[in-house]
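Novice: Take this sequence and fold it.
(one chain, ligands or ions: 1)
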Amino acid sequence: MDKHSILVCMGWEQLEIRLQKCEGWEQIEISLPNCSSLQVISFPVVQLHLNRTAMRASQKDFENAMNQVKLLKKDPGNEVKLKLYSLYKQATEGPCNMPKPGVFDLINKAKWDAWNALGSLPKETARQNYVDLVSSLSSSLESSSQVEPGTDRKSTGYETLMVTSEDGITKIMLNRPTKKNALNVEMYHEIMHALKAASKDDSAITVLTGNGDYYSSGNDLTNFTDIPPGGVEEKAKNGAVLLREFVGCFIDFPKPLIASGQCPALGHLPSPSLGYSIAVYASDRATFHTPFSHLGQSPEGCSSYTFPKIMSPAKATEMLVFGKKLTAGEACAQGLVTEVFPDSTFQKEVWTRLKAFAKLPPNAMRISKEIIRNREKEKLHAVNAEECSVLQGRWLSDECMNAVVNFLSRKSKL
Ligand SMILES: CCCCCCCCCCC/C=C/C(=O)SCCNC(=O)CCNC(=O)[C@H](O)C(C)(C)COP(=O)(O)OP(=O)(O)OC[C@H]1O[C@@H](n2cnc3c(N)ncnc32)[C@H](O)[C@@H]1OP(=O)(O)O
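Specialist: The predicted structure follows:
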């Protein structure tokens, strides 16, 4: 219970007014401590529900709150952003009377839904609710930030990666931990850039890893929402070009490439799908999941070719068609993972090994990799092109759109 009291002097008498908050109700207790008998006279407690409209936020409060939103240090998440958007629109324009956006216009549709859900909420109430929400965000996000130092911020010129080079090893770390390292369009481009740079730098080997509790959650599903003027067809076409170039970079990467994952990996990058060119070290906590069918999509990263070769066609079907999630141990038994380490000693053991590898003659390693991979390179590029073309069609399907809408509207998770 939260108590505040004020003393009011009324002639020789001192009137004490205590305000206390109790389960959302304001109680006012008035007593006369200096009465002749020195007994506290408690007026019958006056209990009233303060009318919220009596505490309406002023236009100035509202403007301050709008400025505060811009200064939030942590992204409050899509749900809260939609709430803020809808309250802002209601407060400034009143009830939503815009036409409903089309089903493929996902972002605008989500915004419209949120605004429309406020019905005929009065402008003043929306303004007050906006101010209250911002004030609760400002305190909670400042006090309980869970972002580790160095996460989700610029490093070495990259927005979505942390790239370091030391002891002959270039480490490319996916760095969107608050989004479970989902690959947005910028990250696709930055990974390609980092791989091209690593292929030319002095390091002997390159390591790909993720920051936070997910190695990666695969393609960022909001990639589907930003529809260009050419519509969804153009979006799907651009997506296929981007994916083909992205996977192509892995196929052509000339140095030994190691994926080091301590935690779950979903979609793309779990894919040792780029089989012939990547070694995978996993902790016993890691899992591998390619839920293409769940998302109305189809295999990518050459997995339709490499998985059935590495595992067996039957096991590959379970993974690629039915989306069966494999533990690190199962993935290792199937040949998708090179070795599994105990979670508690993972970093130490893997880095000891990587540092030893990085001391081997770099040219010998490069040439050895080339001779292993070259026989398959042309085939891998052809498979990549075919997979991207099939995916382009899948992205336009209702199955895919529904899966994306369900995730974005918080109806499903994998
Ligand atoms: C026309 C298209 C052009 C595209 C361009 C090229 C595309 C190439 C695509 C090739 C094919 C790729 C296939 C895949 O990668 S399939 C895998 C896709 N991934 C998913 O479906 C995972 C979805 N995420 C989840 O199921 C859960 O988030 C997860 C189980 C991973 C974690 O759950 P948890 O409860 O622990 O955490 P949250 O859900 O609260 O997540 C925290 C925040 O991170 C956001 N998030 C997580 N994953 C994604 C994602 N893949 N895309 C977008 N956003 C993601 C999540 O929304 C939370 O955000 P907020 O804090 O803002 O709410």
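Novice: show me where the chain has strands.
Specialist: In the chain, the strands defined using DSSP state E lie at 2-10, 13-22, 25-31, 46-48, 161-166, 169-174, 205-210, 257-261, 265-266, 278-283, 287-289, 326-327, 339-341.
Novice: Could you tell me the least trusted of the ones you listed?
Specialist: Lowest mean pLDDT within these: strand 46-48, a mean of 30.
Novice: Can you pull the residues of the stretch 101-250 of the chain lying near the ligand?
Specialist: On the criterion Cβ under 6 Å from any ligand atom, the ligand has as its neighbours in the stretch 101-250 of the chain the residues 179-180, 182, 214, 217-224, 235-236, 239, 242-243. Yep, even glycine has a C-beta here, placed from its N, CA and C like the rest.
Novice: Among the residues you listed, name the ones in helices.
Specialist: 235, 236, 239, 242, 243 (DSSP state H).
Novice: Surely the fourth one and residue 186 touch.
Specialist: No - contact between residue 242 and residue 186 fails when scored by Cβ atoms under 8 Å: they sit 11.1 Å apart.
Novice: Identify the contacts common to the two.
Specialist: With contacts defined as Cβ atoms under 8 Å, 6 or more residues apart in numbering, no residue is shared by residue 242 and residue 186.
Novice: tally of neighbours for residue 137?
Specialist: The number of residues packed around residue 137, counting by other Cβ atoms under 10 Å, is 19.
Novice: In contact with it, which residues?
Specialist: Counted by Cβ under 8 Å, 6+ apart, residue 137 has contacts 69, 72, 76, 80.
Novice: If we use 7 Å, what do you get?
Specialist: If a contact means Cβ atoms under 7 Å, 6 or more residues apart in numbering, then residue 137 has 72, 76, 80 as its contacts.
Novice: beta partners for residue 265?
Specialist: Residues in a beta bridge with residue 265, per DSSP bridges, are residue 216, residue 288.
Novice: Is it correct that it is in contact with residue 215?
Specialist: Yes - between residue 265 and residue 215 there is a contact at 3.9 Å, judged by Cβ atoms under 7 Å.
Novice: what's the overlap in contacts for these two?
Specialist: residue 286.
Novice: Start and end of stretch 99-107, how far apart?
Specialist: Terminal residues of stretch 99-107 lie 14 Å apart, using Cα to Cα, to the nearest Å.
Novice: Give the closest residue to residue 289 in space, chain neighbours not counted.
Specialist: Distances taken as Cβ to Cβ, 6 or more residues apart in numbering place residue 325 nearest to residue 289, at 4.2 Å, with adjacent residues excluded.
Novice: Would you confirm that residue 310 contacts residue 336?
Specialist: Yes - using Cβ under 7 Å as the test, residue 310 is close enough to residue 336 to be in contact (6.1 Å).
Novice: which of these two has more neighbours?
Specialist: When residue 310 is set against residue 336 and neighbours are counted by other Cβ under 10 Å, the residue ahead is residue 336, at 26 against 17.
Novice: so what's the backbone phi/psi at the more buried one?
Specialist: phi -80, psi -30 (degrees, to the nearest 10).
Novice: same question, residue 263
Specialist: Taking degrees, to the nearest 10, you get phi -140, psi -180 for the backbone angles of residue 263.
Novice: Residue numbering should commence at 50 henceforth.
Specialist: Renumbered: residue one is now 50, and that last one reads residue 312.
Novice: pLDDT at it, what is it?
Specialist: The pLDDT attached to residue 312 in the predicted structure is 87.
Novice: Restricted to helices, list the contacts of residue 186.
Specialist: The subset of the contacts of residue 186 located in helices under the criterion DSSP H comprises residue 129.
Novice: Export the contacts of residue 186 as CSV, with columns for pLDDT and neighbour count.
Specialist: CSV is the format used below for those (pLDDT from 0 to 100; neighbours: other Cβ atoms under 10 Å):
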residue, pLDDT, neighbour count
121, 75, 14
125, 78, 16
129, 82, 17
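Novice: Dump the contacts of residue 186 into TSV; add distance to the ligand as well.
Specialist: Converted to TSV, these look like this (distance: Cβ to the nearest ligand atom, whole Å):
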residue	distance to the ligand
121	13
125	8
129	8
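Novice: and which of the contacts of residue 186 is nearest to residue 249?
Specialist: Proximity of these to residue 249 was ranked by Cβ to Cβ; the top entry is residue 121 with 39.1 Å.
Novice: Could you report the distance from that closest one to residue 163?
Specialist: In this structure, residue 121 lies at 18 Å from residue 163, with Cβ to Cβ, to the nearest Å as the measure.
Novice: Name the residue closest to the centre of this protein, please.
Specialist: For the chain, residue 228 is the residue whose C-alpha lies nearest the centre (Cα atoms, centre = their mean; 1.4 Å).
Novice: if we can go back for a sec, format the contacts of residue 186 as JSON lines; extra columns: distance to residue 417.
Specialist: Written out in JSON lines, the entries for the contacts of residue 186 read as follows (distance: Cβ to Cβ, whole Å):
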{"residue": "121", "distance to residue 417": "50"}
{"residue": "125", "distance to residue 417": "49"}
{"residue": "129", "distance to residue 417": "51"}
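Novice: wouldn't residue 110 be in contact with residue 181 here?
Specialist: No - with contact taken as Cβ under 7 Å, residue 110 and residue 181 are classed as non-touching, separated by 9.9 Å.
Novice: residue in the stretch 50-199 of the chain nearest to the ligand?
Specialist: Of all residues in the stretch 50-199 of the chain, residue 126 sits closest to the ligand, with a separation of 3.5 Å (Cβ to the nearest ligand atom).
Novice: Kindly report the same for the stretch 300-449 of the chain.
Specialist: Closest approach between the stretch 300-449 of the chain and the ligand, counting by Cβ to the nearest ligand atom: residue 316, at 2.3 Å.
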